[in-house]
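Student: Fold the following, please.
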Amino acid sequence: MDFSTVDRALASLPRRRPALPDAALGLAARLLEISSAAGAGSLAENEEYAQGILQLVALGGGRTAGDSGEKARWEPLAVGLRMVVDYLERRAAELPKSISGDEEEDEDEGTGLGTGGGGVYAEGPRVPKIAQPDAFPAGIANGAVTSDAATVTPCPPTPNSPVFELLAALPSIVQSHVEHDEPRVRSLVAQTVGAYATYATSLLNWMGTLETKDAKLEAAIATANEGRREIHSTILQSLKVHLEMKEPSRADNPSKATDGALDDTTGWRALETNLHALASYVDGCAGRPGTEGYNGGSYVAEEVGLFEGGEGEAWFLSGLEHCCVVHVNRHVRAAGAAVLGVLVKACMRSRDPVHRDLLVEDDSPFRLVLKETLRSTLADNWSQVRMAGSVLCRRFVRALLRIHSGCPNEDSDDEEEEELTEFEAAAGDLTPMLLPRMCLNRFYLAQGVKLYSQDTWQMVFGVHRAHAAADELHSSEEAKGGGGMGAVARNAAPLCRYYSKMCDADNHAVREAACQGVAELAQKVGTHPAYAEYLSPYVTTLLQALLMCFHDESWPVRDEACLACGTFCLAYADECTPELPTLFERWTEQLTDQIWSVREDAAVALGDAITAYGPEMLEKVLAVVRKGVPAARDQPPMSREEYKKLQNDANAHTGNQLYSCGSLAPKLRKGGAGRIGCSSCVVDRPKAPWEATDGCIYLLRELCIRFANRDDTAREDVVMSDDILLPIMTELADVCRLSHYPQSDDLRTTLWRQLPPIAEALGKRRFKGLYLDLFIELLAKNLDDRYGSGASQLSIHAAGQCAEEIAKLIGVGIFRGRLEAVGGEDAFDSVMQERRRDKHMAVGREVFHSPFGPPMARPVA
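Tutor: Numbering: from 1, shown residues only. Here you go, the predicted model:
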């Protein structure tokens, strides 16, 4: 079924197999004909169209004719509900624009439950919204978007409009199908509820603007809003029943349940869709109390008892908190967060200070539920729930900021207030809980969560994206309270405790993000003259957490922990000295890791250590280099055929445990303890000798870049002289000539990729005079594959790139002359010609920036 548009939904009915009844197919064809004939015009007063929608819903909502009493097909019902949503959204958009919209309204945070851009987070923002609120197109009216918004003309209803007959029938339809067996029908019921609430409350707002009153029209609108309240009661009753149902415990295996889907991945009965229906209803209630001429329709004004947790209504907030924090099903937890988000929006729609106080009073039951929900959802193991928590966090924090800016606290100390950011002053006691989670989620593995959280950080701390990267803390002398960095420094204690705890979290993605966050603290706060002292007391705690991550079976965690420790040594050399022997041992272990990026970052960390500790550390590192460079000589001989046979051995890959990336189980382990991941690391490939040589190439690059030039060295007392470097580079060139093992091609690939930055660091004259001849013959041989050397395309490409960059450094003519001496000039000419051709083809192609990946070039139209 295709529910993207009404026409596509109707056209999909004849394609269903087994075929639908002729009555349903004939009615669908007629409705499609009416819709097509109307085109961009209004169907508002077309009684046949409205009656046809109700007939289609009836065909899918009862029993088929005959003695069998067979249940009717759900497809006509679903399409009918889809048409109801579209019809009511269009009618809402046709109301006079003077009563739609709100200057203080928050921008939409999700794709919505309906066809438009409503403010309910259900499916989630596929591309996180980063546009300014004024960037929305025309045609958004009370959360509804019409396809022909630019051409909509006001067309308010009359007392005899067919829309009122449709509204009168919907309460019973919702009551009959809110717990339908088909989840797609339940989702469309939720959309219908939202569209009904939007239109009914918009009618109230419009009626308040009329100069002359029509008694019949007022009665029709009043009846519609009575139906709206009836729908609300139906949803709450169903929600309460589902909350009282017995829920399987996490310790059991819920997926074996026989009474419906009760596991933690699929939908959980009708509870999820009930929550979406409630969220849609709340979001659709567009009345705004506190203004002159208010006629009703505000959810917070009508149901304030639910927010206050009064007698007989305490189940509501406690049930929502249970759904968000405790419930086993991730869809339910995300849907619960969506409900709380629109409840916050309902409070902000009201201009009554009493309603906004529900968000700011410390003893407010609603605020307490929001606090516990954000504490849990912002750290949930499922990215879907963490995303929903991030949407709720943005809406809640921005609401607090708006309230704080409009109602300054007269009892606060002006001097103390001046030292805080607006966020800290507005959030109050929530700051120690919110800030660490907001910080960590800027590094979370899931791109949606990461980008959305980065954008939230920018919104909260007021730094425009043109002036700073989204993942930075943002410190500014002009920003109140020092901006994001000042807030982080003042809350270093809860932040460091949270990061340390997350370094031991079950989810390997969380551990990786925590290591990145710790590194950021060292790099940004630890090097800041005003804020470094705030972090100093917690350096030991953070180092212990990072050392624990060195043993993680997830290599990205080891990688980030390695880099973070090096950064800490730069910022807090004295505090890190007691742990230096352990750190050096871990770094040298990582230098021979099976993952190339881990080896590279271990080299970076060792370079940081030399910068921090000077000649003594240099001598220890040089000893590692001198030992590691010749290690590839000990690599056991193996032909390429033997290597391929080993890689393709079916027996080595048969009978192993299967793993689900969707449920993140079974668990990656950290230091032997159970952890969550996507693969098994019980059997680990042993380290190979050639990998030690590979790691030393990265380390030589770091030594040359940082310490090769006496005039531009990271430390004046550390210089890589030719007496030290030349013997090591000579040994490296000899080792890289070995080809008795298939991975030698990978080693040479690394060499060609790192040689240009080494050459640039050494300088044109120095490299050309002492080091170029060491590698020129091997480079020419790798460039020229005419004689079937068996070199991989990766190493050939890397060699070509290396030749081009070195030629630019020392001069193309000089470099080609050196190649002529070893017979490599033809291969070099061929490489340069190919690269010129590639650059010529790239002209006229614009760069496309995707939020989910690196820039890509595409042709200009």
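Student: Next, please give the residue ranges for the strands of the chain.
Tutor: Counting by DSSP state E, one finds strands in the chain at the ranges 140-141, 144-145, 845-848, 856-859.
Student: mean pLDDT for those strands: which is lowest?
Tutor: Ranked by mean pLDDT, these bottom out at strand 140-141, which scores a mean of 34.
Student: from the chain's centre, how far out does the longest helix along the chain sit?
Tutor: Using DSSP state H to assign secondary structure, the helix with the most residues in the chain is helix 215-244. Shown here is helix 215-244, whose average C-alpha point lies 36 Å from the average C-alpha point of the whole chain (Cα atoms, centre = their mean, to the nearest Å).
Student: where in the protein is pLDDT low?
Tutor: Across the chain, the ranges flagged by pLDDT under 70 are 39-42, 62-70, 97-153, 246-268, 288-295, 407-418, 463-479, 650-685, 785-789, 841-861.
Student: got the contact list for residue 53?
Tutor: 31, 80, 83, 84, 87, 166 (Cβ atoms under 8 Å, 6 or more residues apart in numbering). Heads up, the C-betas are built off the backbone N, CA and C, glycines and all.
Student: and if we set it to 7 Å?
Tutor: 80, 83, 84, 87, 166 (Cβ atoms under 7 Å, 6 or more residues apart in numbering).
Student: thought the second one was touching residue 6?
Tutor: Read it as residue 83. Yes - taking contact to mean Cβ atoms under 7 Å, the distance of 5.4 Å between residue 83 and residue 6 places them in contact.
Student: ok, the two, which is more surrounded?
Tutor: Each of residue 83 and residue 6 had its neighbours counted (other Cβ atoms under 10 Å), and the higher figure belongs to residue 83 (27 against 23).
Student: And the more buried one, how close does it get to residue 220?
Tutor: The gap separating residue 83 from residue 220 is 21 Å, by Cβ to Cβ, to the nearest Å.
Student: same check, this time on residue 815
Tutor: Counting by Cβ to Cβ - residue 815 and residue 220 are separated by 86 Å.
Student: Same check on residue 192?
Tutor: Note on residue 192: its distance to residue 220, by Cβ to Cβ, is 19 Å.
Student: Which of the two has more residues huddled nearby?
Tutor: The residue with more neighbours, out of residue 192 and residue 220, is residue 192; 28 against 22, by other Cβ under 10 Å.
Student: Give the full set of residues in contact with the more buried one.
Tutor: By Cβ under 7 Å, 6+ apart, the residues touching residue 192 are 81, 84, 85, 170, 174.
Student: Widest-spaced pair of those residues?
Tutor: Of all pairs drawn from those, the one with the largest separation by Cβ to Cβ is 85 and 174; the distance is 12.3 Å.
Student: burial of the closest residue to residue 184 other than its chain neighbours, as a residue count?
Tutor: Distances taken as Cβ to Cβ, 6 or more residues apart in numbering put residue 78 closest to residue 184, at 5.7 Å, once the chain neighbours are dropped. Residue 78: 27 surrounding residues under other Cβ under 10 Å.
Student: list the contacts for residue 78?
Tutor: With Cβ under 7 Å, 6+ apart as the criterion, the residues that contact residue 78 are 1, 60, 184, 185, 188.
Student: go again using 10 Å as the cut-off
Tutor: With contacts defined as Cβ atoms under 10 Å, 6 or more residues apart in numbering, residue 78 is in contact with 1, 3, 9, 12-13, 56-57, 60, 177, 180, 182, 184-189.
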